[in-house]
Structure formats: C-alpha cells, structure tokens
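Peer 1: Need a 3D model of the following:
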Amino acid sequence: MKSANASIIAGIVLISAGVLLLLDLLNVIESAAYVPMLIFAAIGAVFLSLFIRSPENWWAAIPGSVFLGLAAVIVASQFTDGGAGASFLFLFMAAGFAAVYLRQRGNWWAVIPSGVMLTLAVIVTLPQDLQGMPVAAVLFLGMAATFGVLSQVPVPDAGPAGRMKWPLIPAAVLGVLGVIFALQSTALLIAADILVLTFMILAGVGLLVYAYRALHGGHGKAHG
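Peer 2: Residues are numbered from 1 along each chain as shown. Just a heads-up that it's a prediction; the model follows:
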C-alpha cells in the first residue's frame, strides 16, 4: 500500500512537471517557479499521507508542513511581497505542530513551537515602520499567549484537572515583558508626536512674532 501511494504521487509529479516544462518550451508559461513548488507540494503530500495513515506517524506532520509551507511561499511570492509570502511557511508549520498535539495529546510540547510559529507569522507581516520595540512586544505577548493556551489544553497524566499549571508562570513573565515593550513603543510614538506638535506650535508663535514686529516696525517708520 505504501509503495502504491508513493508511485501514485511520483507519477502525478512526473506528469505535472512534464506538462509544465512542455508549456515552458512552447512559451505558453514560465515553469521555472512552478516546478519547485510542485516538488515541495508532492513531498509534503507524502508526509501528510503518512501522518493520516497511522497515529504513530505523528512526526510526519512536521516535515509535511514544512514542505507544504515552502510550496505555499512560492505560490504566494508570485502575488505578494516577501514578508506576506514568508508568513505562509510559519502558518503551515504552526498547523503542523498543532496537528502533532491533536493526533496524540501526550505531545503537549508541540503547542509551544506551534505558538512560536504563529507569532513569527504575525511578525513578518508587520510594516517596516513598526520594527524594534513593537516587534519585541508582539513576540513576548505571542509567547505569553502560547503558554497561556498550554495551561488550558487537556494533557494526560496532568493531575485531577487534566491540565498543567506551570505554564502560567512563563505566561505571566512574558506577558509583563510584552506589556512593557508595548508601552515603551507607544511612549516613543507619543513622544515623537509631541515633539512634532510642539515644533509646529513654536513655529506658529515665531511667525506671529515676526509678523507683529514687521507691522509695528513699519508703523514706527511711517510716523518718523
């Protein structure tokens, strides 16, 4: 059965690659970007089939999500910029680690890298003017949310409640750090706005003083 599935996937890949190369040869499309995408998607499909076939193959969700994510990045890069396209890789990896936990609840550790990948997917989509402390705020708050979720997920052999309590400690520490970075970044933005508005007010006052002196200076000369 395994060899048959592998043969089917390999056959589909060969046919699709051949069609793309033929269309490229006939100048119908440019297949250079689509052949790697097809190869990554096929490899990801192989690991995905292994994951679906048996609960013991929970590990296959990790490499499968990586290859499918790379295929998604190649497709997305044709329509979006680099940051938005790269986020697809982290989104697929987050889904892969989440699938590891959902397949076997004993793999609670997979919730942590899943949350990290999801946080990185958000970070790479942030605009350039939000670099620095806002990125740190998103990173720490995302990690805090990850450990917060981990404290609520059902885990076998985790006590009477079936949930772990220790993740609340790093969640609280990371949450405080995230709030501090968020407040600092907000304070910097407010300080910059205050400086700009103060400059505008002082410039306006300077123009009024200049106009007042010009008017009164002109009247004084006229009387003289």
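
Peer 1: Tell me who's in contact with the closest residue to Met133 other than its chain neighbours.
Peer 2: By the measure of Cβ to Cβ, 6 or more residues apart in numbering, the closest residue to Met133 outside its immediate chain neighbours is Ser185, 3.8 Å from it. Using the backbone N, CA and C atoms, a C-beta is placed for each residue, glycine as well. With contact taken as Cβ atoms under 8 Å, 6 or more residues apart in numbering, Ser185 is in contact with Gly132, Met133, Pro134, Ala137.

Peer 1: Narrow these to just the buried residues.
Peer 2: Among the contacts of Ser185, those scoring as buried are Met133, Pro134, Ala137 (criterion: 16 or more other Cβ atoms under 10 Å).

Peer 1: From these, which land in helices?
Peer 2: Members of the buried ones among the contacts of Ser185 lying in helices (criterion: DSSP state H): Met133, Pro134, Ala137.

Peer 1: Would you quantify the distance from the residue nearest the centre of the chain to Ala84?
Peer 2: With the centre of the chain defined as its mean C-alpha position, the nearest residue by Cα atoms, centre = their mean is Ala121, 0.9 Å away. As judged by Cβ to Cβ, to the nearest Å, Ala121 and Ala84 stand 10 Å apart.

Peer 1: and what of Leu207?
Peer 2: Separation of Leu207 from Ala84 (Cβ to Cβ) stands at 45 Å.

Peer 1: who's more crowded, these two?
Peer 2: Comparing Leu207 with Ala84 by neighbour count (other Cβ atoms under 10 Å), the higher total belongs to Ala84, at 15 against 10.

Peer 1: how near is the nearest residue to the more buried one once chain neighbours are set aside to Tyr101?
Peer 2: Once its chain neighbours are removed from consideration, Ala84 has its nearest residue in Thr125; the separation is 5.7 Å (Cβ to Cβ, 6+ apart). As for Thr125, its distance to Tyr101 is 25 Å (criterion: Cβ to Cβ).

Peer 1: Looking at those two, which is more packed in?
Peer 2: Tyr101 (22 against 15).

Peer 1: confidence score at the residue lying closest to the more buried one once chain neighbours are set aside?
Peer 2: The spatial neighbour of Tyr101 that comes closest, neighbours along the chain excluded (Cβ to Cβ, 6+ apart), is Ala110 at 4.3 Å. Ala110 is assigned 93 on the pLDDT scale.

Peer 1: Over to Leu68?
Peer 2: If you check Leu68, the pLDDT there is 92.

Peer 1: Run the chain-centre distance for the host helix or strand of it.
Peer 2: In this assignment (DSSP states H and E), Leu68 forms part of helix 61-77. Using Cα atoms, centre = their mean, to the nearest Å, we find the averaged C-alpha position of helix 61-77 to lie 14 Å away from the chain's own average C-alpha position.

Peer 1: what about the chain, any weak spots by pLDDT?
Peer 2: Confidence mapping of the chain against pLDDT under 70 gives the ranges 1-14, 16-17, 20-21, 23-33, 80-83, 130, 158-161, 186-199, 210-214, 216-224.

Peer 1: Who are the contact partners of Leu22?
Peer 2: Applying Cβ under 8 Å, 6+ apart, no residues contact Leu22.

Peer 1: Next SSE downstream of the strand or helix carrying it?
Peer 2: Following DSSP H and E, one finds Leu22 within helix 2-25. Scanning forward in sequence from helix 2-25 by DSSP H and E, the next helix or strand is helix 34-53.
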